[in-house]
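sequence unknown, structure follows:
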């Protein structure tokens with residue numbers, strides 16, 4: 001009698017473990033299937049930066065980050081844009097504009113927009129809200145002192161943001177802007193590769209990320225613009241793309 005009883009107990013335990021494992025698998029499958037929905041709902045409930053704008057009229061936004069005070073290439077980028085009759089949006093730091101005020105004034109006079117890239121390219125995510133506001137405001141002051149225009153757009157250093165940062169930007173009545181087309185210029189691509197990457201990723205309402213203080217970017221601009229023109233795109237300021 002003892003052996004059959006032990007066998008029944010083992011059978012019951014195995015059946016229970018099997019059923020429990022099946023339940024775990026079912027729950028895991030349900031979670032995986034529904035995870036995109038859960039994430040989507042969460043994302044809609046918090047403020048997000050602008051990555052692109054829904055447009056159907058073949059417009060694209062060229063944006064340039066400039067943060068190196070010892071900049072030697074933004075002037076070359078500016079001349080290439082001028083030759084092609086293209087206006088662009090430059091996200092600059094307070095450090096950059098304080099060191100390049102004359103160049104910034106020419107950019108503004110030629111119709112380019114100078115926007116906020118933070119005052120010193122710090123990791124703002126690590127700061128308290130008050131520090132974030134002070135940092136952004138210091139850059140706004142530096143830009144306004146040169147151009148007479150206060151920025152309405154902000155781009156987070158390193159492309160990193162969180163709810164607190166975006167909420168702080170919105171509280172300043174500014175838009176947080178990222179990008180949807182990465183030129184790869186900061187990764188060491190040469191001029192041809194940079195232009196090709198932009199052409200391959202281009203879409204109406206897209207925002208292109210470039211860095212005007214890099215030599216390879218300056219060299220890429222003529223081919224990059226020519227290719228966009230041939231594809232029927234018109235480059236406009238981000239402020240003209242936003243609703």
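Arrived safely, thanks for sending. Predicted model only: the values in this text are computed from it and were never measured. Numbering: from 1, shown residues only.

for the rest of this, base every contact and every neighbour count on C-alpha atoms.
Will do.

show me the residue sitting in the middle of the protein in space.
The residue lying closest to the centre of the chain (C-alpha atoms, centre = their mean) is residue 178, at 2.2 Å.

quick check on that one: phi, psi?
Residue 178 adopts backbone torsions of phi -110, psi -130, taken as degrees, to the nearest 10.

now it, nearest residue through space, not along the chain?
Residue nearest to residue 178 in three dimensions, not counting chain neighbours: residue 51, with 5.0 Å by C-alpha to C-alpha, 6 or more residues apart in numbering.

so who does that neighbour touch?
Contacts for residue 51 were tallied using C-alpha atoms under 8 Å, 6 or more residues apart in numbering; they are 177-180, 206-207.

next one: residue 173
Applying C-alpha under 8 Å, 6+ apart, we find residue 173 in contact with residue 152.

show the pLDDT at residue 243.
Here, the pLDDT recorded for residue 243 equals 74.

from residue 133, how far out is it?
For residue 243, the distance to residue 133 under the criterion C-alpha to C-alpha, to the nearest Å works out to 25 Å.

those two - which one has more neighbours?
Set side by side, residue 243 and residue 133 give different neighbour counts by other C-alpha atoms under 10 Å, the larger being at residue 133 (18 against 7).

now that one. Nearest residue, chain neighbours left out?
If the residues on either side of it in the chain are set aside, residue 133 comes closest to residue 168, at 6.6 Å by C-alpha to C-alpha, 6+ apart.

can you pull the pLDDT of the one you found?
In the prediction, the pLDDT value recorded for residue 168 is 90.

same deal with residue 112?
At residue 112, the predicted lDDT confidence score is 98.

isn't it right next to residue 87, touching?
Yes - Residue 112 is in contact with residue 87 according to C-alpha atoms under 8 Å; the separation is 5.2 Å.

outline the domain layout of the protein.
Following automatic domain parsing, the chain resolves into domains at 1-45, 59-241.

could you single out the most deeply buried of the ones you listed?
Burial of the domains of the chain is given as mean neighbour count (mean count of other C-alpha atoms under 10 Å); domain 59-241 ranks first at a mean of 19.

start and end of it, how far apart?
Distances were taken as C-alpha to C-alpha; on that basis the terminal residues of domain 59-241 are 8 Å apart.

swap in stretch 198-212?
Distance between the two ends of stretch 198-212: 15 Å, counting by C-alpha to C-alpha.

against residue 204, how distant is residue 116?
Summarising the geometry, the distance separating residue 116 from residue 204, computed by C-alpha to C-alpha, is 24 Å.

I meant residue 125, not that one.
Residue 125 sits 31 Å away from residue 204 when distances are taken as C-alpha to C-alpha.

likewise for residue 55?
If you go by C-alpha to C-alpha, the gap between residue 55 and residue 204 works out to 6 Å.
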